[in-house]
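In: got a predicted structure plus its sequence, pasted below:
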Amino acid sequence: MTVYQERFPLVLLPGPDTPVAEVAGLVRALPAALRPVVLRPGTGVCTPPGPPEVLARQVRDAGVRGPFAVHGWGTGAYLGLALAGVFERALGHAVCTTLFVSDAVAPGRTTVSPVPAEVRRTVTESRLVVCTDRTSVRFDGSGMRTWCRHSTSGTEFVTLPSGPRAARAAALSRLIGARLLPARTATAHVPGGDVVAGSAP
C-alpha cells in the first residue's frame with residue numbers, strides 16, 4: 001500500500017481533555033484520501049491508557065496494514081510517540097511515517113501529567129510536525145523545541161491560526177493533507193472514519 005493507491009491511515013489519539021467536537025471537526029475536514037482511525041486510549045483521569053502495545057494491537061485490529069501517520073492531542077501525542085516506537089522495535093523500521101503533535105510540550109518538559117520514562121527516552125524514525133496556535137501561551141518555546149530530540153528524520157514546527165473550531169480544524173486538515181498527500185488529492189473531503197475503543201466523535 002502507498003499513499004497514492006488507497007486511503008492512507010491517519011490514527012487519531014485524543015487526550016482525555018480533548019473535546020469530542022474538536023476530533024469530530026478534524027475528521028470531517030480531512031481530505032478523502034486519508035482514512036481516520038480514532039483511538040480512545042483513555043476517557044478521563046480515572047481511565048488511564050493501556051500500554052503502547054495495546055494501542056498497536058488496536059491499530060492492527062482496525063485493519064491498518066503498512067505505513068500510517070498519527071495525530072495526537074496533549075497526552076495523545078506522547079502515546080503516538082510510544083506507538084511509533086513499538087512498531088519500529090517490532091519491525092526494525094519506521095511504520096509511522098509522520099507524527100503530528102497538537103497541544104503538547106515535549107515529553108519530560110510537562111508538569112501537567114507524568115510521562116513514562118520509556119516515552120521520554122523514545123527516539124523515532126518518524127518525521128515530527130509539532131503544531132501550536134497563537135493562543136497557546138502555556139507552551140514556551142523551549143518546551144516545544146525539545147520535540148526535535150525525539151526524531152531522527154526531522155521535526156517541523158508550525159503555528160496554525162487561532163479562531164473558531166471549524167477554522168482550526170480546516171487549517172490542521174490542510175497541513176496534514178499537505179504533508180501526507182500529493183497535491184491533487186489533498187483537498188477533497190470525506191465524512192466519517194473508523195473509531196476504535198470508544199464511541200464515535
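Out: Good, I have the coordinates.
In: any idea how far Gly92 is from the closest residue to Leu30 other than its chain neighbours?
Out: Nearest residue to Leu30, sequence neighbours excluded (CB to CB, 6 or more residues apart in numbering): Ser173, at 5.2 Å. All C-beta spots, glycine's among them, are computed from the backbone N, C-alpha and C. As judged by CB to CB, to the nearest Å, Ser173 and Gly92 stand 32 Å apart.
In: look at these two and report which has more neighbours.
Out: Applying other CB atoms under 10 Å to Ser173 and Gly92 shows that Ser173 carries more neighbours, namely 21 against 7.
In: buried stuff in the host helix or strand of the more buried one?
Out: Using DSSP states H and E, Ser173 sits in helix 165-180. For helix 165-180, the neighbour count (16 or more other CB atoms under 10 Å) marks 168-177, 179-180 as buried.
In: one more: stretch 32-40?
Out: 33-40.
In: count of residues packed around Val54?
Out: For Val54, the count of nearby residues is 15 (other CB under 10 Å).
In: tell me where the chain has strands.
Out: 8-13, 34-39, 68-73, 96-102, 127-133, 155-160, 194-196 (DSSP state E).
In: now the second one against strand 8-13, angle please.
Out: Right, the one you point to is strand 34-39. 30 degrees (axes from the mean of the first three to the mean of the last three CA atoms, to 10 degrees).
In: centroid-nearest residue for the protein?
Out: By CA atoms, centre = their mean, the mean C-alpha position of the chain lies nearest to His71, the distance being 1.3 Å.
In: and the helices in the protein, which stretches?
Out: 20-29, 52-61, 75-91, 117-121, 141-145, 165-180 (DSSP state H).
In: okay, stretch 167-187 in CSV with CA atoms only?
Out: Extracted C-alpha coordinates of stretch 167-187, given in CSV (Å, rounded to 0.1, in the frame of the first residue of the first chain):
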residue,chain,number,x,y,z
ALA,A,167,-11.4,27.2,11.1
ARG,A,168,-8.8,25.5,13.3
ALA,A,169,-9.9,22.0,12.0
ALA,A,170,-9.7,23.2,8.4
ALA,A,171,-6.2,24.6,8.9
LEU,A,172,-4.9,21.5,10.6
SER,A,173,-6.5,19.3,7.9
ARG,A,174,-4.8,21.4,5.2
LEU,A,175,-1.5,20.9,7.0
ILE,A,176,-1.9,17.2,7.4
GLY,A,177,-3.0,16.8,3.8
ALA,A,178,-0.1,18.8,2.5
ARG,A,179,2.4,16.7,4.5
LEU,A,180,1.0,13.3,3.6
LEU,A,181,-0.7,13.5,0.2
PRO,A,182,0.2,14.6,-3.3
ALA,A,183,-1.3,18.0,-4.3
ARG,A,184,-4.1,16.6,-6.4
THR,A,185,-5.7,14.6,-3.5
ALA,A,186,-5.1,16.9,-0.6
THR,A,187,-8.3,18.9,-0.9
